[in-house]
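A.B. asks: Give me a model of this one.
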Amino acid sequence: MRCGNATAALETIQSKSRSGGQSQVEPCVWEIISHLTTYQKQSNFVFRQVSERTISIPAHLQKELGELYQRTASRTQQASNEHAFKLATLALLCNDGEQSADSSVVETIEDYLFTFLWVAVSSDAPSQQLIQIAKLLQQWGPKYFESDDHGSSGGWAYAMPLMIAQQLETALTHLATVGGALGLLQATHIGILLDAYKIPLADLGQSPSTSNNKLLSSLLSSHCESIKAADPAAALEYLVRIPDEALMRTHIQQLIVSTRAYDILAGSLSPTGVRDFHVPPTSAVAGQRRDGAALDAHFSATQIAALLNGAAQMALKDGMVEDAAEILALAGSYGDLLALFNSRLGELMVPRDDTEFIRKRK
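C.D. replies: Residues are numbered from 1 along each chain as shown. This next block holds a predicted model:
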């Protein structure tokens, strides 16, 4: 029940009854849990319905539950803590947050968070409740949650509580920073998924503004850097998801220049001097089959030409003249290619009294 799964709770009670065991669950609790399952339906939890106040428990059941809670609390005070779990469950159903988080029942951080989550969504201001727990989490810091000093959880020990408190920006940043290559991969994919469902990658209580795009762009470009040498085409699949179009194009041009995987990304020149976007079998990454150049899966011929022209200019700035010439040819920019040849030829023909000029003439 603390995880919000009324269906699983009901199945547990029923399985105990079917096995011939004596059920300790009172009829009114059985009825309430059964009633909650009708709202949960195919979902894994009933929290959404609780927070939206769409659940209506019949008045007579609420009355019986309140009386049962008081009786159980009275007996518990007289007879140690043997009914602690029962009292905590009744407290959850009665929205008594203080009692449901009793230390004899809530022993781990997961216990505490799920109990707090139930109480938060049942309150009149769930967002404010979550912001309060988020402040506590950040006050405690990552070391409070890790079982050792080496971060053996890969960042998840701290990231998961943050996500429960809807501190998505802090959680994903932490996961990508301390989780190594795997943590970066996981944070990137979670970011892509959340963005696809229009969920801002921001901390609850803070305005999403432009931080949503900045975080997602940072995750995508960072993950691209970690895999581009092994698979430039896969790296491109991440870059095309960068929300800012100008930034996306810049990163793609950098990918073209830094990997020099021109045939995989843009294809090759045909004997007639036209870009052939069908990738030769020898250019494909081992174990993968590609039906065409990677850029053609996402951009038109005109857009690819613009990307390649931009990449050629980057290559020139880095002193990669031969690469720039090859890229310009792929872009079909033969005017610029001839201009490049002429400029290089002119440099060789202008008389200079230095050893570098003599070396180039030879």
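A.B. asks: measure stretch 117-128 end to end?
C.D. replies: The straight-line separation of the ends of stretch 117-128 (C-alpha to C-alpha, to the nearest Å) is 12 Å.
A.B. asks: That stretch: which residues count as buried?
C.D. replies: Neighbour-count burial for stretch 117-128 flags 117-123, 126 (criterion: 16 or more other C-beta atoms under 10 Å). Placement of C-beta: from N, CA and C, glycine included.
A.B. asks: Could you tell me which of those residues belong to helices?
C.D. replies: Members of these lying in helices (criterion: DSSP state H): 117-122, 126.
A.B. asks: quick one: contacts for L130?
C.D. replies: L130 makes contact with 117, 120, 165-166, 204, according to C-beta atoms under 8 Å, 6 or more residues apart in numbering.
A.B. asks: now with 6 Å?
C.D. replies: Neighbouring residues of L130 by C-beta atoms under 6 Å, 6 or more residues apart in numbering: 120, 165-166, 204.
A.B. asks: so which strand or helix has the residue nearest in space to the middle of the chain?
C.D. replies: Taking C-alpha atoms, centre = their mean as the criterion, I190 is the residue nearest the geometric centre of the chain, at 1.8 Å. According to DSSP states H and E, I190 maps onto helix 180-196.
A.B. asks: Taking helix 180-196 as reference, get the angle to whichever helix or strand comes after that helix.
C.D. replies: Once helix 180-196 ends, the next helix or strand along the chain (criterion: DSSP H and E) is helix 211-227. Interaxial angle of helix 211-227 relative to helix 180-196 (axes from the mean of the first three to the mean of the last three C-alpha atoms, to 10 degrees): 140 degrees.
A.B. asks: List the buried residues for helix 211-227?
C.D. replies: Under the neighbour-count rule (16+ other C-beta under 10 Å), helix 211-227 has 212-213, 215-221, 223-224, 227 buried.
A.B. asks: Stretch 318-328 too?
C.D. replies: 320, 323-328.
A.B. asks: Okay, and which of those residues map to helices?
C.D. replies: Among the buried residues of stretch 318-328, DSSP H puts 323-328 in helices.
A.B. asks: Pick the one among those closest to P243.
C.D. replies: Among those, I327 lies closest to P243 (C-beta to C-beta), at 26.2 Å.
A.B. asks: List the residues that contact that closest one.
C.D. replies: The contact partners of I327, by C-beta under 6 Å, 6+ apart, come to 308, 311-312.
A.B. asks: tell me the pLDDT at it?
C.D. replies: pLDDT for I327: 92.
A.B. asks: ok, F45 touching N5?
C.D. replies: Yes - counting by C-beta atoms under 6 Å, F45 sits close enough to N5 to count as a contact (5.5 Å).
A.B. asks: which stretch of helix or strand covers A235?
C.D. replies: Take DSSP H and E as the rule and A235 turns out to sit in helix 232-239.
A.B. asks: and that helix, C-alpha only, in CSV?
C.D. replies: Extracted in CSV, the C-alpha atoms of helix 232-239 (Å, rounded to 0.1, in the frame of the first residue of the first chain):
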residue,chain,number,x,y,z
PRO,A,232,29.5,7.9,-35.9
ALA,A,233,26.0,7.0,-37.3
ALA,A,234,24.7,6.2,-33.8
ALA,A,235,26.2,9.4,-32.5
LEU,A,236,24.3,11.3,-35.1
GLU,A,237,21.0,9.7,-33.9
TYR,A,238,21.5,11.5,-30.6
LEU,A,239,22.6,14.8,-32.1
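A.B. asks: Scan this structure for its longest helix.
C.D. replies: If you go by DSSP H, the chain has its longest helix at helix 59-78.
A.B. asks: Which SSE is immediately downstream of the helix or strand M160 falls within?
C.D. replies: With secondary structure defined by DSSP H and E, M160 is part of helix 156-164. Sequence order places helix 168-178 as the next helix or strand after helix 156-164, per DSSP H and E.
A.B. asks: can you give me how far that next one is from the chain middle?
C.D. replies: Relative to the centre of its chain, helix 168-178 is centred 9 Å away, using C-alpha atoms, centre = their mean, to the nearest Å.
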